[in-house]
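**Q** structure, please.
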Amino acid sequence: MNALKSAFRNPPLLTLILVILVWIVASLTLRGFGAFGHLRYLLELSAVIGIVAAGQTLVILMGGIDLSVGAVITVTAILLPLISPDIDPTGLVGIVLALGIASSIGFLNGVGAAYLKVPPIIMTLAMATFLQGMLVIVAGGSAVSVTNATVIWLGQARPFGIPAGVLLWVAVSIVVLLIIHRMPAGARFLALGANPMATELSGVSVKRNTLLLFTLSGFFAGLAGILILGMNRQGYVGIGDPYLLTSIAAVVLGGTSILGGRGTYAGTIPGAILLVTTTALITVVNASPGWRSIMFGSLILALLLISGREARR
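**A** This is a model prediction of the structure:
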């Protein structure tokens, strides 16, 4: 009983328990669901959401939200094949340029939110709308194939039997967890989300930290865009759209307060896996896609109610 109470008071642990329960039930009732190959495939899909949600977690922790991540993913997936120089056999120059563009978009979001005082939800929504219009003009609705060797390796390679995207996610997770829990910056981010005015009065630059967090969000969205491009071997308008709401859902499912000031990326990780696992389960049983939205909404509401009750206590 005490263990159950502890789980309800620990949203990341509760999300992890839900992942295990869903996996066990699906593996026992559906043939092949628990096979290693299927597990590897689901982790590969989870890696994309997890990397996008890394930046989203940081922004939400400080009390903001980034609605431009889907558009940034699409920008990266379309522009990278176009800007990768043929003289670079490694493809690293194109990757660096694409990540620079993605980070610059995040930087502009930060400028709008921190210096122009535009609410983050409005600033990032406007940026997403602008980018979507620009992409239609640039790409003209056609897909762009990738020949970048490094990008293809990231999306297709399986060193030691593990997808390269999963290994990339592990590296991202370690970095983000160290930032939040082992570096002074993490404490500043949480304080910024809990009480920005008090944080400013304590000598912490709210503007500079806001700028940094949105830039990081753009960087991680660009990194996810590169991974998606490698997995699909082509980029097209709208390729990043499904990852906007799923990145936010993964953060909320992991127990991070949507109002900021409380949470951890350690909860976002199982949150991403839970989203992919439940989606795969619904797909395998040939249920209507509408049930996926119902399930996601129910899970998010349930965890928010539990988290809110424990916070009030």
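
**Q** list the contacts for residue 40?
**A** Residue 40 makes contact with 158, 161, 162, 163, 166 under the criterion Cβ atoms under 8 Å, 6 or more residues apart in numbering. Every residue, glycine included, has its C-beta placed from N, CA and C.

**Q** give me the buried subset of these.
**A** The neighbour-count test (16 or more other Cβ atoms under 10 Å) marks 163, 166 as buried among the contacts of residue 40.

**Q** would you point out the most distant pair within the contacts of residue 40?
**A** Within those, two members stand farthest from each other by Cβ to Cβ: 161 and 166, at 10.4 Å.

**Q** ok, back up a step: in helices only, show me the contacts of residue 40.
**A** Under the assignment DSSP state H, the contacts of residue 40 contribute residue 166 to helices.

**Q** of the contacts of residue 40, which belong to strands?
**A** In this view, those have no member that belongs to strands under DSSP state E.

**Q** of the contacts of residue 40, which is the nearest to residue 255?
**A** Of the contacts of residue 40, the one sitting nearest to residue 255 (Cβ to Cβ) turns out to be residue 166, at 22.7 Å.

**Q** residue ranges with poor pLDDT in this structure?
**A** Applying pLDDT under 70 to the chain picks out residues 1-9, 85-87, 289, 296, 299-300, 303-304, 306-313.

**Q** for it, what spans make up the strands?
**A** 144-145, 234-235.

**Q** ok, how many other residues are close to residue 253?
**A** Residues near residue 253, counting by other Cβ atoms under 10 Å, number 30.

**Q** residues contacting the residue lying closest to it once chain neighbours are set aside?
**A** Closest residue in space to residue 253, ignoring its immediate chain neighbours: residue 271 at 3.6 Å, by Cβ to Cβ, 6 or more residues apart in numbering. Contact analysis of residue 271 by Cβ under 8 Å, 6+ apart lists 15, 53, 249, 250, 251, 252, 253, 254.

**Q** now for these: which two are most distant?
**A** With Cβ to Cβ as the measure, no two of the contacts of residue 271 lie farther apart than 15 and 53, at 12.4 Å.

**Q** so which of these two has more stuff around it?
**A** Taking other Cβ under 10 Å, residue 15 and residue 53 do not tie; residue 53 has more neighbours (36 against 27).

**Q** residues touching that one, list them.
**A** Listed by Cβ under 8 Å, 6+ apart, the contact set of residue 53 reads 246, 247, 248, 250, 251, 268, 271, 272.

**Q** now do the closest residue to the third one other than its chain neighbours against residue 244, distance only.
**A** In this case it means residue 248. Leaving aside its sequence neighbours, residue 248 sits nearest to residue 56 (Cβ to Cβ, 6+ apart; 6.2 Å). Applying Cβ to Cβ, to the nearest Å, one obtains 9 Å for the distance of residue 56 from residue 244.

**Q** neighbour-wise, which of the two wins?
**A** residue 56 (31 against 22).

**Q** state the distance from that one to residue 236.
**A** 23 Å.

**Q** same check, this time on residue 123
**A** Residue 123 is 26 Å from residue 236, by Cβ to Cβ.

**Q** please apply the same query to residue 189.
**A** On the measure of Cβ to Cβ, residue 189 and residue 236 end up 34 Å apart.

**Q** of those two, who's got more company?
**A** Counting neighbours by other Cβ under 10 Å for residue 189 and for residue 236 shows that residue 189 has the greater number, 27 against 16.

**Q** so that one makes contact with residue 209?
**A** Yes - using Cβ atoms under 8 Å, residue 189 is in contact with residue 209, at 6.6 Å.

**Q** who touches both of those two?
**A** By Cβ under 8 Å, 6+ apart, the residues touching both residue 189 and residue 209 are residue 62.

**Q** how deep is residue 73 tucked in, by neighbour count?
**A** With other Cβ under 10 Å as criterion, residue 73 counts 33.

**Q** not counting its neighbours along the chain, what's nearest it?
**A** That would be residue 240: by Cβ to Cβ, 6+ apart, it lies 2.8 Å from residue 73.

**Q** the helices in the chain, which residues?
**A** Going by DSSP H, the chain shows helices at 2-8, 11-29, 36-61, 69-83, 92-114, 120-139, 149-156, 164-182, 184-194, 196-201, 206-232, 242-253, 265-284, 289-312.

**Q** out of these, which comes closest to residue 259?
**A** Nearest to residue 259, of the helices of the chain and by Cβ to Cβ, is helix 184-194 at 7.5 Å.
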